[in-house]
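> Need coordinates for the following:
(one chain, ligands or ions: 1)
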Amino acid sequence: SPVPNRQYSCMSFQENDNSLHDDDGDQDLSGEVQEQQIESTPVPTESHKSTCQKGYTFCFTLWNQTANGTRVIKQGCWEENTDRCSQSECTSSAPTTTTSSLYYCCCSGDLCNAQYAVVEPAPLELGSNDARNSITNRATAKQHQSFLASTMLGLAGGLTALMIGIFLAVQYCRTAKEKPEPEESPLAPSGPGYSSNLRNVDNMNLISMLGSGKYGTVMKGLLHDQEVAVKIYPEEHHQYYVNERNIYALPLMECPALLSYFGYDERCTMDGRMEYQLVLSLAPLGCLQDWLIANTLTFSQCCGMLRSITRGISHLHTELRLGDQHKPCVAHRDINTRNVLVQADLSCCIADFGFALKVFGSKYEYKGEVAMAETKSINEVGTLRYMAPELLEGAVNLRDCETSLKQMDVYALGLVLWEVATRCSDFYAPGQTTPPYKAPYEQEVGSHPSFDQMQALVVRHKARPLFPAGWGGGAAAKVVRDTCEDCWDHDADARLTSLCAEERMQEMSGLRPRAQAQPASPLLNTNNLVATTNVEQGFNVITTTTTAAAVHHQMSSDTTGLIQPPPNQQLPLAALEREKNHLSYPQQQLQPYQGRNPCQERNLAPLPLRTPPVLVERSKKHSFQTQPQENSLSCLEHDVSVEELIASHHHQQQQQKNTIVSSSGNTNSSLGQGFPKQQNTDHKLRGWHGVRALINKKLFRKEHAEELCRQLQLGEEKSNLVTALRRPNNLDLSPRLDKPTPVQLRSAEQRTGTPAHIVPRSLSSSLIKHINGSTNNNSIQSHGSELQTLTRPAPKRRPGHLRTNSLMVSTGQGPPTEQQMRRQHSLEVFREVFSGRGSSERLRDPSERVKTPGDVPPSVRKARASKTLSLYDDRMMDSSLLNIL
Ligand SMILES: Nc1ncnc2c1ncn2[C@@H]1O[C@H](COP(=O)(O)OP(=O)(O)OP(=O)(O)O)[C@@H](O)[C@H]1O
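Modelled structure (predicted):
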């Protein structure tokens, strides 16, 4: 707008102190006011009218406005080049600064500044007059400015906060990545996990190749002057690397029988591919299989190896807790001699956890996920030759996958133990060369068996590796053989636990690997009896020890009886050294007719006329004995013709008549020469004890069988046997016929209509022949004998042990005798007990019980025994017994 030409008059005023300040004591006026070109003429202290000089065409007022009132600070003429003072009213919409209460206004027109006021900023209205627009625009601009300023400030603050946040986050991540340095380690660790062996593996030098497997290469490396093994996985086997690393990184994995874990590294190779490295302790002698191919073992070396192998596996299998650390059970799933490594001291350690799984009952963890084995099937992995039958069959019980996987490991463990034991030269007779190494089943299916071959061999034929001819003989060999057999049992549930296998291997170290050379002796066998000969004194003795551990204990507590070879049999020094493990054991004074195996007669008996059938023991699991005991009913798995047994018995009797068997301590004399020692296994059914045991078993009637046996043994005529069998019993109260009738054998099935399987056909038919043959010849005599038998008082029986003949001889009818009545009563009691209606209290007589020890380590057995008795009554277990009735 054009600047007015004429001279204006304005109100002029100046406060006394001549200072421009506000009431609040603010020193500063706005820059805007200071910059104003105020008229230089003296300003009166009283407000008055003054004419402005040339060029000062506007008027202004500066005032202070507070809640207490308004006070003019200065008024006068104003030179202004802009058009902001073109308004005719002197108004202000805002103080000069945001913090003060000073207001300023300017205007154009005579004395226009006489009136001044604070006005609200006018809303922006199009078409309003210029002055109002100007005021409004200025207010809006100011608002915008402050808005912009605050926005900018906010943005700046936000950005700063963001940057600080990012910085802190980066710092946090860096510190989180760095693990605290373990005290033992001179360098910062570089791998995950709890191992105290962790090292910084950044500066590792790879020296040479150690071996390679399906999933990686193993190199020898040098890490801070320590030799290590570096397992290198290519990119495609990342999963195996992660799995193995996670197993090694578990807490409480430190065990001398496992490789130590030092750390890991992940690198990019020259060709741009990833490579993963695990740094582990070095086993200088490489894998066990290669070592066994090239070497044989002494007994002590063998013990060390077997102990460490079982220890490693049992450590893996055992769930451990220490404070807040927890090691779950780990199933290896690929146990074989290539994954067992040999340390410099010839102990072994378990390696290669590429397939290993953490297992928890029915669940397992793989790839960091926990899965139910039943819903998410476990991959069937492992080495074909070492696959358990249930794995080959695809019949793994997934409901309890922890147990199943451990059982499969134990099966493979059995094969590994066999591989080691068959390369131990001390298990063979002196002078016999140790056969070359053979992998399990190599003899049967060669070096590269197919799945079908393995399935046929292991599952269908239930074949297991054989111990070479000449192997074993000593108590230690017995323990090893039993342990192998118990580990590779076809029935997975019947297998040992790895802990139990470990305990057995520990026990074994104290035993003798092979039988000692014996002068002719009839008393000794290869069970746990420590049977040795004092060569100089020339007599044999038998100890009364019961278990291998007991033998060991007994031996170690007595140091007086060390075997000393006679002077003329002094061994060369090297041989002595080799033999020291077993020759240095103290020997016991053996006594005749003592020992774990009470069947001395067996050893004294003459050789049989023919070779008896080879029998399979029902279970050798709980026994450390080399051979089954004759007394054990379990040795009578097969039916044997009674004629054969009786013929054998007569032959034996005949021989015994001709021979005087000395029962004195000097058993070496006549017995040794006249009766060569017999093998327990080969003779378990020979002689009279076989007959007796057979009858015991088949009839489930010990007393009754004994009675029969006694009659036979006393040389009674066949008719007596018939009498015994024809004797009326509680189950047959039919009237006796006046006329003697041919003897009939009737089974429980015939009597009751229920199936009775308890009478073996071979036995019953044999007996029928005997009985009928006798009856034809001696029917009248037998009838007489029968009457005698009926009048005899009934034998005294133990409570709860009732007669339950499975054989019945129909002998006619007659009034029931007192004995028959008693038997009838017994029968009723028996029925009452076994039908479940009555009390079974009467069966709880301790003398009736049979112990079933269970295949658990002694420590567990002890603990269990304190809580509950693992006692059972045989008869209650056998439902077929009920069929007799
Ligand atoms: N720590 C070690 N010390 C010495 N040698 C080792 C070590 N680890 C492995 N080896 C050697 O490397 C070979 C292969 O190792 P490893 O079994 O761990 O690899 P892999 O790829 O998992 O093999 P596979 O699965 O085929 O058994 C072993 O047979 C052994 O000879």
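
> Now the longest strand belonging to the chain: average pLDDT?
Assignment by DSSP state E gives strand 69-79 as the longest strand of the chain. On average, the pLDDT along strand 69-79 is 86.

> close enough to count as contact, residue 330 and residue 316?
Yes. With contacts counted by C-beta atoms under 8 Å, residue 330 reaches residue 316, the gap being 4.5 Å. Placement of C-beta: from N, CA and C, glycine included.

> Between those two, which contacts overlap?
residue 356 (C-beta atoms under 8 Å, 6 or more residues apart in numbering).

> What residues does the protein have near the ligand?
Residues of the chain found near the ligand (C-beta under 6 Å from any ligand atom) are 210-216, 218, 229, 231, 259, 280, 282-283, 286-287, 338-339, 341, 351-352, 354.

> Select from the residues you listed every entry located in helices.
With DSSP state H as the criterion, helices contain none of the residues of the chain next to the ligand.

> among the residues you listed, which ones are buried?
Among the residues of the chain next to the ligand, those classed as buried by 16 or more other C-beta atoms under 10 Å are 210-211, 215-216, 218, 229, 231, 259, 280, 282-283, 286-287, 338-339, 341, 351-352, 354.

> Give me the contacts around stretch 397-409.
The contact list for stretch 397-409, computed with C-beta under 8 Å, 6+ apart, reads 313, 316-317, 329, 331-333, 335, 357, 359-364, 373-374, 377-378, 382, 387-388, 390-391, 396, 492-493, 495, 497-498.

> what do you get for stretch 308-317?
Stretch 308-317 is contacted by residues 255-258, 329-332, 335, 340, 347-350, 356, 406, 409-410, 413, 416-417, 420, 497-499, 501-502, 504-505 when judged by C-beta under 8 Å, 6+ apart.

> Tell me the buried residues within those residues.
So, by 16+ other C-beta under 10 Å, the buried ones in those are 255, 257-258, 329-332, 335, 340, 347-350, 356, 406, 409-410, 413, 416-417, 420, 497-499, 501-502, 504-505.

> which residue does the protein bring closest to the ligand?
Residue nearest to the ligand within the chain: residue 213 (1.8 Å; C-beta to the nearest ligand atom).

> OK, contacts around the residue nearest to that residue when sequence neighbours are not counted?
Leaving aside its chain neighbours, residue 213 sits nearest to residue 352 (7.2 Å; criterion: C-beta to C-beta, 6 or more residues apart in numbering). Going by C-beta under 8 Å, 6+ apart, residue 352 touches 213, 244, 334, 339.

> What strand or helix carries the second one?
Think residue 244. Applying DSSP states H and E as the criterion places residue 244 in helix 238-248.

> which helices and strands sit right next to that helix?
Judged by 3 or more C-beta pairs under 8 Å, 6 or more residues apart in numbering; DSSP states H and E, helix 238-248 is in contact with strand 226-234, strand 261-268, strand 274-281.

> that older thread, out of the buried ones among the contacts of stretch 308-317, name the ones that lie in helices.
Going by DSSP H, the helices hold 406, 409-410, 413, 416-417, 420, 498-499, 501-502, 504-505 from those.

> Can you add pLDDT and give these back as TSV?
Listed next are those as TSV, based on pLDDT from 0 to 100:
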residue	pLDDT
406	92
409	94
410	95
413	96
416	96
417	96
420	95
498	93
499	92
501	93
502	93
504	92
505	93
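
> Check those residues and tell me the two furthest apart.
Farthest pair in those (C-beta to C-beta) is 406 and 420. Separation: 20.5 Å.

> these two touch, right, residue 472 and residue 484?
No. At 10.9 Å, residue 472 does not count as touching residue 484 under the criterion of C-beta under 8 Å.

> Which residue, other than its chain neighbours, is closest to residue 239?
Leaving aside its sequence neighbours, residue 239 sits nearest to residue 367 (C-beta to C-beta, 6+ apart; 7.0 Å).

> now do residue 70
Computed as C-beta to C-beta, 6+ apart, the closest residue to residue 70 that is not its neighbour in sequence is residue 63, at 5.7 Å.

> pLDDT below threshold where in the protein?
Flagging of the chain using pLDDT under 70 yields the residue ranges 1-7, 17-46, 81-82, 122-139, 175-199, 373-380, 515-815, 832-885.

> Now do the same contact list for residue 441.
When contacts are counted by C-beta under 8 Å, 6+ apart, residue 441 touches 385, 449, 454, 457, 458, 463, 465.

> which phi and psi does it have?
phi 70, psi 10 (degrees, to the nearest 10).

> Give me the distance between it and residue 418.
Residue 441 sits 10 Å away from residue 418, taking C-beta to C-beta, to the nearest Å as the criterion.

> any residues in contact with both of the two?
By C-beta under 8 Å, 6+ apart, the residues touching both residue 441 and residue 418 are residue 465.

> Just give me the neighbour total for residue 461.
Residues lying near residue 461 (other C-beta atoms under 10 Å) number 10.

> Repeat that for the one 3 residues further on.
Here the count is done by other C-beta under 10 Å, and residue 464 has 22 residues near it.

> burial count for the closest residue to it other than its chain neighbours?
In space, and not counting its chain neighbours, residue 464 is closest to residue 488: 5.4 Å by C-beta to C-beta, 6+ apart. By the criterion of other C-beta under 10 Å, residue 488 has 25 neighbours.

> Near residue 328, how many other residues are there?
Residue 328: 18 surrounding residues under other C-beta under 10 Å.

> who's in contact with it?
Contacts for residue 328 (C-beta under 8 Å, 6+ apart) come out as 250, 319, 358, 359, 360, 365.

> Give me the phi and psi angles of it.
Per-residue torsions, residue 328: phi -70, psi 170 (degrees, to the nearest 10).

> Now the nearest residue to it once chain neighbours are set aside: phi and psi?
The shortest distance from residue 328 to any non-neighbouring residue, by C-beta to C-beta, 6+ apart, is to residue 358 (4.5 Å). The phi and psi values for residue 358, taken as degrees, to the nearest 10, are phi -80, psi 130.

> One more: residue 426?
Torsion angles, degrees, to the nearest 10, at residue 426: phi -70, psi -10.

> Is it in contact with residue 299, as I believe?
Yes. Residue 426 lies in contact with residue 299 (C-beta under 8 Å); the separation is 3.7 Å.

> returning to that earlier point: for the residue nearest to residue 328, list each beta-bridge partner.
Beta-bridge pairing for residue 358 (DSSP bridges): residue 330, residue 365.

> And residue 74, by the same measure?
The partner residues for residue 74, given DSSP bridges, come to residue 14, residue 62.

> Tell me, how many residues neighbour it?
Around residue 74 there are 20 residues (other C-beta under 10 Å).

> re the thing from before, what separates the residue nearest to residue 213 from residue 264, distance-wise?
For residue 352 relative to residue 264 (C-beta to C-beta), the value is 16 Å.

> Over to residue 303. Which of the three states is it?
Put simply, residue 303 is helix when judged by DSSP: H, G, I helix; E, B strand; the rest coil.

> Could you give the number of residues near it?
Burial of residue 303 is recorded as 24 neighbouring residues (other C-beta under 10 Å).

> What of residue 148?
The local packing of residue 148 (other C-beta under 10 Å) involves 10 other residues.

> Now it: phi and psi?
phi -60, psi -40.

> on that earlier part again, got the contact list for the residue nearest to residue 70?
Residue 63 is in contact with 70, 71, 72, 73, 102, 103, 116, counting by C-beta under 8 Å, 6+ apart.

> Please list only the buried members of those.
For the contacts of residue 63, a burial check counting by 16+ other C-beta under 10 Å picks out 72, 73, 102, 103, 116.

> isn't the last one right next to residue 61, touching?
Okay, so that is residue 116. Yes. Look at residue 116 against residue 61 with C-beta under 8 Å: they come within range, at 4.1 Å.

> hang on, the earlier thing: out of the helices and strands packed on helix 238-248, which gets nearest to residue 83?
strand 261-268 (72.5 Å).
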